[in-house]
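Participant: Next comes the sequence, and after it the predicted model I'd like to discuss.
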Amino acid sequence: MAIVELSVIPIGTNTTSVSRYVAEIHDVLEKEKDVKYQLNPMGTVIEGRLDDLMRIVRELHEVPFKSGVRRVYTVVKIDDRRDKESHMEDKIRSVNEKRSTAGFEA
């Protein structure tokens, strides 16, 4: 199981807002049955088999082009852990547990 975080940034639009494109990307993600995804303020995290995720990243990169954007900048981070299965929630839980044992509230 791999985890990918991506930000798809349309360049050269007539607005500074990208929420329209983010919504279109999430419409595409909603149709994917074998992945989990989570929106965050700076991008989207998707979880699944690496081969599936790479295909999906390519599809998501194309979304703004289909809306007439002529240039797209996409940032991709991949966490491909092979010693054990890891999920988005596990990573968050691990940090929160360490914070609570160090005297911080999660």
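Facilitator: Yes, it's here.
Participant: drop to CA atoms for contacts and neighbour counts, all remaining ones
Facilitator: OK.
Participant: now M88: how far from Y73?
Facilitator: M88 is 24 Å from Y73, where distance means C-alpha to C-alpha, to the nearest Å.
Participant: and if you look at I11?
Facilitator: Taking C-alpha to C-alpha as the measure, I11 falls 7 Å from Y73.
Participant: Between these two, tell me which one has more neighbours.
Facilitator: With other C-alpha atoms under 10 Å as the criterion, I11 and Y73 differ in neighbour count, and I11 comes out ahead with 15 against 10.
Participant: Return the residues in contact with that one.
Facilitator: 69-73 (C-alpha atoms under 8 Å, 6 or more residues apart in numbering).
Participant: mind listing what's buried in the helix or strand in which R99 is found?
Facilitator: Secondary structure from DSSP states H and E places R99 in helix 88-101. Under the neighbour-count criterion of 16 or more other C-alpha atoms under 10 Å, helix 88-101 has M88 buried.
Participant: again, but for stretch 27-41
Facilitator: Burial within stretch 27-41, assessed by neighbour count using 16+ other C-alpha under 10 Å, is assigned to 29, 35, 37.
Participant: Show me where this structure dips below the pLDDT cut-off.
Facilitator: 104-106 (pLDDT under 70).
Participant: In it, where's the longest helix?
Facilitator: Using DSSP state H to define each element, the chain has its longest helix at helix 50-66.
Participant: Could you list the residues in contact with that one?
Facilitator: By C-alpha under 8 Å, 6+ apart, the list of residues contacting helix 50-66 from outside reads 1-4, 6, 8, 10, 21, 24-25, 28, 35, 46-47, 71-72, 74, 80.
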